[in-house]
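Peer 1: sequence unknown, structure follows:
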């Protein structure tokens, strides 16, 4: 994109997270840059697990929640949150309970979740320690309609900052997500910068988000495009990236690049004739790509102008291979691109996307998490 886990946990104000802490002198924290030892790195990972698990637990069906005891059983020390971060996380958990309520109103709930955190690397500089971690979370859908997929899952990447204390321990002072795309269901939302639209471009209108929607099925195979192949591609490479393509995670996000790959796999033909307009072409080559291949708004402008897509009146009309875009803050500039890789018989589309890498997230989950965003649905 360019432009613009697990049972119930107590709230983080009450957590004293278990950790094996390396004394500052042993970590050389006050003297020179370096890395912490394995025990402290594991402690940092458990802290990340506690925070992210606490967020996700707020989404679980109330009838399935119970006290979480895994961290307590590992306790050998004390890492805590700073007062400021405690307040921030309490607000996040409260907000996520609101998301859970909106999900319930839309007929969706999760019965269980599992979060695993991997510490990718650590660094100590003076009295500050930094840990880069990968969160892998899987949520189990409650069978309300009976035709939901079993699970949804995602990989997300975070940076944690720890402040050294005078007693030789650490406090977590900041946790931020480094993925550039759509925040995950257990993440707070941040706005993206606006993107100007050229005057001559054709753009899609926002779609309604009411459920259910009038039927608008399509033939998945045997036509001009193979929509099943698009979904197969997306679900193959949602987590393990196709090495035949460059990644755009660090330069605005990989979401539209990933969707373009999926569309190509289903039969979309490149257009590489050079024109003065950034939205007239759609292609990927070894030494470059069109703006419309990797840019959220440019993709929309190209597909609408070239009549590659038609707008759908309601997002719940999306079928396999159809594309959803979101404008988080309704500023007229779209922020994120996703592809429908599964549709239940009760009419719920499920989206697969990059940044953060996500498998079969329900449309209902998106709407419940971001009720004030604008949604654009494209029939491909």
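Peer 2: Cool, got the structure. Keep in mind that what you see is a predicted model, and the values were worked out from it rather than measured.
Peer 1: from here on, contacts and neighbour counts on C-alpha atoms
Peer 2: Will do.
Peer 1: what ranges of the stretch 151-300 of the chain fall below the confidence cut-off?
Peer 2: For the stretch 151-300 of the chain, the stretches flagged by pLDDT under 70 are 188-201, 274-278.
Peer 1: cutoff 80 now
Peer 2: Scanning the stretch 151-300 of the chain for pLDDT under 80 picks out the ranges 168, 181, 188-202, 250-252, 273-279.
Peer 1: For it, which segments are assigned as helices?
Peer 2: Secondary structure of the stretch 151-300 of the chain (DSSP state H, counting those that start in this stretch): helices located at 227-237, 255-265, 291-294, 296-305.
Peer 1: so what does the helix or strand that the last one is followed by touch, helix or strand wise?
Peer 2: Per DSSP states H and E, helix 296-305 leads on to strand 310-311 as the next helix or strand towards the C-terminus. When contacts are defined as 3 or more Cα pairs under 8 Å, 6 or more residues apart in numbering; DSSP states H and E, strand 310-311 sits against strand 374-379.
Peer 1: between the strand it packs on and helix 296-305, how many degrees?
Peer 2: 40 degrees (axes from the mean of the first three to the mean of the last three Cα atoms, to 10 degrees).
Peer 1: Just tell me which of the helices of the stretch 151-300 of the chain ends up closest to residue 162.
Peer 2: helix 255-265 (30.7 Å; Cα to Cα).
Peer 1: Looking at the helices of the stretch 151-300 of the chain, spot the one closest to residue 80.
Peer 2: Of all the helices of the stretch 151-300 of the chain, it is helix 255-265 that lies closest to residue 80, at 35.0 Å by Cα to Cα.
Peer 1: ok so, going back, just put the helices of the stretch 151-300 of the chain in a markdown table and tack on mean neighbour count.
Peer 2: Formatted as a markdown table, these follow (neighbours: other Cα atoms under 10 Å):
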| stretch | mean neighbour count |
| --- | --- |
| helix 227-237 | 21 |
| helix 255-265 | 25 |
| helix 291-294 | 25 |
| helix 296-305 | 24 |
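Peer 1: buried set for stretch 163-180?
Peer 2: 163-164, 169-175, 177-180 (16 or more other Cα atoms under 10 Å).
Peer 1: farthest-separated two in those?
Peer 2: The largest separation in the buried residues of stretch 163-180, counting by Cα to Cα, is between 169 and 180 at 31.9 Å.
Peer 1: ok, residue 157 to residue 132 distance?
Peer 2: In this view, residue 157 and residue 132 are 7 Å apart by Cα to Cα, to the nearest Å.
Peer 1: correction: residue 153
Peer 2: 20 Å.
Peer 1: go on, residue 318?
Peer 2: Plainly put, residue 318 is 37 Å away from residue 132 if you go by Cα to Cα.
Peer 1: Equivalent analysis for residue 224, please.
Peer 2: With distances taken as Cα to Cα, residue 224 is found 44 Å from residue 132.
Peer 1: Between these two, tell me which one has more neighbours.
Peer 2: Neighbour tally, residue 224 and residue 132, criterion other Cα atoms under 10 Å: the higher count belongs to residue 132, 22 against 11.
Peer 1: So that one: helix, strand or coil?
Peer 2: When classified by DSSP: H, G, I helix; E, B strand; the rest coil, residue 132 comes out as strand.
Peer 1: next one: residue 91
Peer 2: helix.
Peer 1: Measure how buried it is and give me the count.
Peer 2: Per other Cα under 10 Å, the neighbour tally for residue 91 reads 12.
Peer 1: show me the contacts for it.
Peer 2: If you count contacts by Cα atoms under 8 Å, 6 or more residues apart in numbering, residue 91 has none.
Peer 1: One more: the one 3 residues further on?
Peer 2: The contact partners of residue 94, taken as Cα under 8 Å, 6+ apart, are residue 58.
Peer 1: now do residue 272
Peer 2: Residue 272 sits next to 281-283, 290 when contact means Cα under 8 Å, 6+ apart.
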